[in-house]
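[1] Structural data only, the sequence is not supplied:
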């Protein structure tokens, strides 16, 4: 028995740039609502590239649109300590048109976080 239509969202994390230091071990947390994924860690670079980091999200089609935000949080992975958040980018998914199939590319500027301190 089918549960009805499903909204789907595919997110591809390509790259980050100018993270402030050549010794950043970069990782991106990608989340929509309660669903969360993390990219592989890219070691020792200010300009990490993931290219093949593809993540799929889905939501029941019982609503006319997504009600969540896509959140991307870039961090510096630190062994034995908490990761240091470098910045966060958000995209309001309610602005997307439901029941359409399209591919768009967004460049998201990081907000918040800091490279200062240790």
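    Received, thanks. Quick caveat: nothing in here was measured; it's all calculated off a predicted structure. Numbers count the residues shown, from 1 in each chain.

[2] From here on, just use CA atoms for contacts and neighbour counts.
    Will do.

[3] what helices or strands is the lengthiest strand in the chain leaning on?
    For the chain, the strand with the greatest residue count under DSSP state E is strand 49-60. Counting contacts by 3 or more C-alpha pairs under 8 Å, 6 or more residues apart in numbering; DSSP states H and E, strand 49-60 is packed against strand 6-15.

[4] Name the residues of the strand it packs on that come out as buried.
    Neighbour-count burial for strand 6-15 flags 7, 9, 13 (criterion: 16 or more other C-alpha atoms under 10 Å).

[5] Give me the distance from it to the chain's centre.
    Distance, stretch centre to chain centre, for strand 6-15: 9 Å (C-alpha atoms, centre = their mean, to the nearest Å).

[6] Relative to it, what are the paired strands and their orientations?
    Sheet pairing for strand 6-15, assigned by DSSP bridges, gives strand 49-60 (antiparallel).

[7] Please state the offset of the helix or strand just after the strand it pairs with from the chain centre?
    Counting by DSSP states H and E, the element after strand 49-60 in chain order, helix or strand, is strand 69-76. Distance, stretch centre to chain centre, for strand 69-76: 5 Å (C-alpha atoms, centre = their mean).

[8] For strand 69-76, which helices and strands make contact with it?
    strand 26-32, strand 84-92.

[9] what about it, average pLDDT?
    For strand 69-76, mean pLDDT rounds to 91.

[10] Point out where the chain drops to low pLDDT.
    1-6, 61-65, 98-100, 102, 106, 108, 111-118 (pLDDT under 70).

[11] related to what we said a few turns ago, how about the helices and strands packed on strand 69-76 in CSV, adding distance to residue 109 and mean neighbour count?
    Converted to CSV, the helices and strands packed on strand 69-76 look like this (distance: least, C-alpha to C-alpha, whole Å; neighbours: other C-alpha atoms under 10 Å):
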stretch, distance to residue 109, mean neighbour count
strand 26-32, 14, 22
strand 84-92, 6, 17
